[in-house]
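A.B. asks: Any chance you can model this:
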Amino acid sequence: MSVADNAGFNIKIQRYILWGGMALFAIKCLAFVLTNSVGILSDALESTVNIITGFITLKSLSYAAQPRDHDHPYGHGKVELITASIEGILISVAGVLIIIEAIKRLGQPPTVTSLDTGILLMMTTAIVNFAMGKYSVMAGRKRNSIALITGGQHLISDMYTTLALAGGLVIYHLTGMQWIDSLLAVIFGGVIIYTGYSVLKTTINGLMDEADEGALDLLVSHIRDGRDDSWVNIHKLTYLKFGHVSHVDLHLTLPWFYNIIQAETQVKTLKALIRGTLPENDVDISIQTEPCLADMCSNCNLQCPHRAHPHQMDRVWSREAMTGNNIYSMQKKVLRDA
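C.D. replies: Below is the predicted model of the structure:
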């Protein structure tokens, strides 16, 4: 699937989720009108956040789908992280408002009516929320969209709170203890605030370009397995993701006697290996080639006529080794300082 097709599919999924969220909000409002339950009101208020963030996410996906330009050489994908951050803030605000309303009603619990109908309606919204959320998360992971993933996780968490709310209403219906309704709303408000915090934490880490250790481990593993003997060393490996665009930067050490054509051949081979490893459709790769040094010979297995030292053992290409600085240059500096 091309970048444009992938972006278009993400937008279509989000549009369906937005329509579904509006329909569920209407059902929850109907349930509140019928029951006068503050617990159901809390769930309905949380659904307003779904609608607002769903609309923002839809716009962000449309913007992120724009191709790279002069001002945005890595594309517009980080807008998904920004909108997901807004979603996290709005989720937390909704949780606070729910708790405030629940505390107000805790001292004077209102009369709750038509609980049978209210519980049935809430169970219906829970099932639909789970289906939409699960599909959104699966599609987001398959197409590497943080907006679809966070939106889907939010819908799934909404399903859990709705189910718990329905269970609490059943207890209320059986016992007649009116304060249970407000207590449930306070608990669910806390859960919603935690959900908002989790979304914010994830998106802020993304905006701060936190290293994706899982992706790096996968990349290192494939490079190590497909390693050519002429790849003497790799260091300063970095991996950054900008929506559907990712960027890989590394330093590749090649035999010092290779000419430009030989070096370019190895660079193309390594780039093809990297593109075949990463899930993004658009991968920008920058490889800086460097000549080998005499102190690398003991870790080099290449059949080389210019060997300065016999081969002793291959250097272990771990994530730490490949993402760190050139250990050979550092060793040389230590010897000079000594």
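
A.B. asks: so residue 284 bridges to which residues?
C.D. replies: With DSSP bridges as the criterion, residue 284 is bridged to residue 247.

A.B. asks: burial count for it?
C.D. replies: Under the neighbour criterion other CB atoms under 10 Å, residue 284 is assigned a count of 16. No exception for glycine: its C-beta is placed from N, CA and C like everyone else's.

A.B. asks: quick one: residue 215 and residue 239 touch, right?
C.D. replies: Yes - using CB atoms under 8 Å as the test, residue 215 is close enough to residue 239 to be in contact (5.6 Å).

A.B. asks: Between those two, point out the one with more neighbours.
C.D. replies: Summary of the neighbour comparison: residue 215 and residue 239, criterion other CB under 10 Å, with residue 239 having more neighbours (22 against 19).

A.B. asks: Just the mean pLDDT for the longest helix belonging to the chain, thanks.
C.D. replies: If you go by DSSP state H, the chain has its longest helix at helix 3-35. Along helix 3-35, the predicted local confidence has a mean pLDDT of 81.

A.B. asks: buried sites along that helix?
C.D. replies: If you call a residue buried by 16 or more other CB atoms under 10 Å, then helix 3-35 has these buried ones: 6-7, 9-11, 13-14, 17-18, 20-21, 24-25, 27-28, 31-32, 34-35.

A.B. asks: distance between it and the chain's centre?
C.D. replies: Going by CA atoms, centre = their mean, to the nearest Å, the spacing between the C-alpha centre of helix 3-35 and its chain's C-alpha centre is 20 Å.

A.B. asks: Also stretch 183-200?
C.D. replies: Taking the mean C-alpha point of stretch 183-200 and that of its whole chain, the gap between them comes to 20 Å (CA atoms, centre = their mean).

A.B. asks: ok, residue 122 to residue 39 distance?
C.D. replies: Distance check for residue 122 against residue 39: by CB to CB, to the nearest Å, it reads 9 Å.

A.B. asks: Find residues that contact each of those two.
C.D. replies: In terms of CB atoms under 8 Å, 6 or more residues apart in numbering, residue 122 and residue 39 are both contacted by the residues 165, 169.

A.B. asks: For these two, indicate the residue with more neighbours.
C.D. replies: In this comparison of residue 122 against residue 39, neighbours counted by other CB under 10 Å, the higher total goes to residue 39 at 32 against 24.

A.B. asks: I'd guess the more buried one is in a helix, am I close?
C.D. replies: Yes - assigned with DSSP: H, G, I helix; E, B strand; the rest coil, residue 39 falls within a helix.

A.B. asks: quick one: it and residue 112, what's the gap?
C.D. replies: As it turns out, when the distance is counted by CB to CB, residue 39 lies 9 Å from residue 112.

A.B. asks: Check which helices and strands the helix or strand harbouring residue 132 is in contact with.
C.D. replies: Assigned by DSSP states H and E, residue 132 belongs to helix 115-143. Applying 3 or more CB pairs under 8 Å, 6 or more residues apart in numbering; DSSP states H and E, one finds that helix 115-143 makes contact with helix 3-35, helix 38-64, helix 146-175.

A.B. asks: closest to residue 230 out of the ones you listed?
C.D. replies: Judged by CB to CB, the one of these that comes nearest to residue 230 is helix 3-35, at 32.3 Å.

A.B. asks: Report the angle between that closest one and helix 38-64.
C.D. replies: Counting by axes from the mean of the first three to the mean of the last three CA atoms, to 10 degrees, helix 3-35 lies at 160 degrees to helix 38-64.

A.B. asks: coming back round to it: redo the helices and strands packed on helix 115-143 as a markdown table? Include distance to residue 227.
C.D. replies: A markdown table is the format used below for the helices and strands packed on helix 115-143 (distance: least, CB to CB, whole Å):
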| stretch | distance to residue 227 |
| --- | --- |
| helix 3-35 | 29 |
| helix 38-64 | 34 |
| helix 146-175 | 31 |
